[in-house]
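1. Everything below, folded, please.
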Amino acid sequence: MTTRFDVLTIGNAIVDVIAPVEDNFLVDEGMRKSIMHLVDAERSADLYAKMPHDKTIIPGGSSANTAAGVAALGGRAAFVGKVAEDELGLVFRDDFDTNGISYDTDYLRDGPATARCMILVTPDGERTMNTYLGACQHLTEDDIVEETIGAAAITYMEGYLWDPPLAKRAFVKAAHFAHKHERAAAITLSDPFCVSRFREEFLDLIRSKTMDFVFANIEEVKALYETDDINVAVRHLAEDAEIAAVTMGARGAMAIRNGEVVSVPAYPVDTVVDVTGAGDLFASGFLLATARGQSMEEALRLGCLAASEVISHYGARPVADLKELARGEGIAV
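-> Model (predicted):
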């Protein structure tokens, strides 16, 4: 089958609502800093009302941000995720149409509203997320189309969507179609909270080769292997995964393939404004370079460059011309 997409991502279709807050706001609301909290519709409405008025509203969701990053880098991107046929759902779909991202998933009708994530950004740039999942939890196997999956060089799925049983089956079905057409399947562990709840299941996905690639940050890898020693965690990951990419914040990122470890430094950023989407944009650069047959070092560099752009401003989508930035650093896109 002809490759129509460099990267297809599957995950939660969410609209992000972003606002700056002081640390005491988190304390008053009983939130753990830098963690994603799941909230119900009532808590979502209450928190939205308490947020500062200077909110920024941007279509988001982890793997949706990755698809947007791929498109911004000049790649051919597609997305699979569920929204309701409501105002925010239309905003989400229109955004993807504007950015040239293929998005054909049917609307959820007669169900909950489109998901939204309230992102509270403290002065140190850390983000604390409160997510109402709504419609995006209703992704099913029926939304996984073999022809679409088979047309993507890499299908990338987010751990945040591993909660609903129907979505789990959709993940496995997507990986099956990818492998049937000799394509790669990838997963991001998403959050230490996700890893703590689904550790055994994630390990099984990796060790069974249901997922070929693994994306994680340091804390997620340590949680996956229940160790405080990153070297021990990386050694285990090298044994289990075909290819793994691990982000290390200000220290850059590393990639592991067949036991070989390659690392690159982070690109300098004058001021870290908001780390929302850093891992998502890193994945977009790494995935696109890999889909196009570039080396691990080139993939890491492109991923780190995309991440450095997104943490320099509010929001999880790039605002600068990523292709121009890459060319300026001598990175092929």
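2. neighbouring contacts of the helix or strand hosting Leu47?
-> Using DSSP states H and E, Leu47 sits in helix 41-50. The set of residues that contact helix 41-50 without belonging to it, under C-beta atoms under 8 Å, 6 or more residues apart in numbering, is 17, 29, 39, 112-113, 116, 118, 130, 132, 134. For glycine as for every other residue, the C-beta is placed from the backbone atoms N, C-alpha and C.
3. what residues does the next helix-or-strand element following that helix touch?
-> Following the chain from helix 41-50 toward its C-terminal end, the next helix or strand by DSSP H and E is strand 56-60. Counting by C-beta under 8 Å, 6+ apart, strand 56-60 makes contact with 14-19, 91-92, 95-96, 117, 277, 314-317, all of which sit outside it.
4. tell me which residues in the helix holding Leu47 are buried?
-> Of the residues in helix 41-50, those buried under the neighbour-count criterion (16 or more other C-beta atoms under 10 Å) are 44, 47.
5. Using CSV, write down the CA coordinates of that helix.
-> Backbone C-alpha positions of helix 41-50 (Å, rounded to 0.1, in the frame of the first residue of the first chain) are rendered in CSV as follows:
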residue,chain,number,x,y,z
ALA,A,41,-18.1,17.5,34.2
GLU,A,42,-19.1,19.2,37.4
ARG,A,43,-15.4,19.8,38.5
SER,A,44,-14.5,20.9,35.0
ALA,A,45,-17.1,23.6,35.1
ASP,A,46,-16.2,24.7,38.6
LEU,A,47,-12.5,24.9,37.8
TYR,A,48,-13.1,26.8,34.5
ALA,A,49,-15.0,29.4,36.4
LYS,A,50,-12.2,29.8,38.9
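6. from the chain's centre, how far out does it sit?
-> Taking the mean C-alpha point of helix 41-50 and that of its whole chain, the gap between them comes to 24 Å (C-alpha atoms, centre = their mean, to the nearest Å).
7. With stretch 79-98 instead?
-> 17 Å.
8. Report the mean per-residue pLDDT for that stretch.
-> Averaged across stretch 79-98, the pLDDT comes to 93.
9. Now the terminal residues of it, how far apart.
-> Terminal residues of stretch 79-98 lie 14 Å apart, using C-alpha to C-alpha, to the nearest Å.
10. and if you look at stretch 248-258?
-> With C-alpha to C-alpha, one end of stretch 248-258 sits 20 Å from the other.
11. With stretch 171-187 instead?
-> Between the start and the finish of stretch 171-187 there is a gap of 9 Å, counting by C-alpha to C-alpha.
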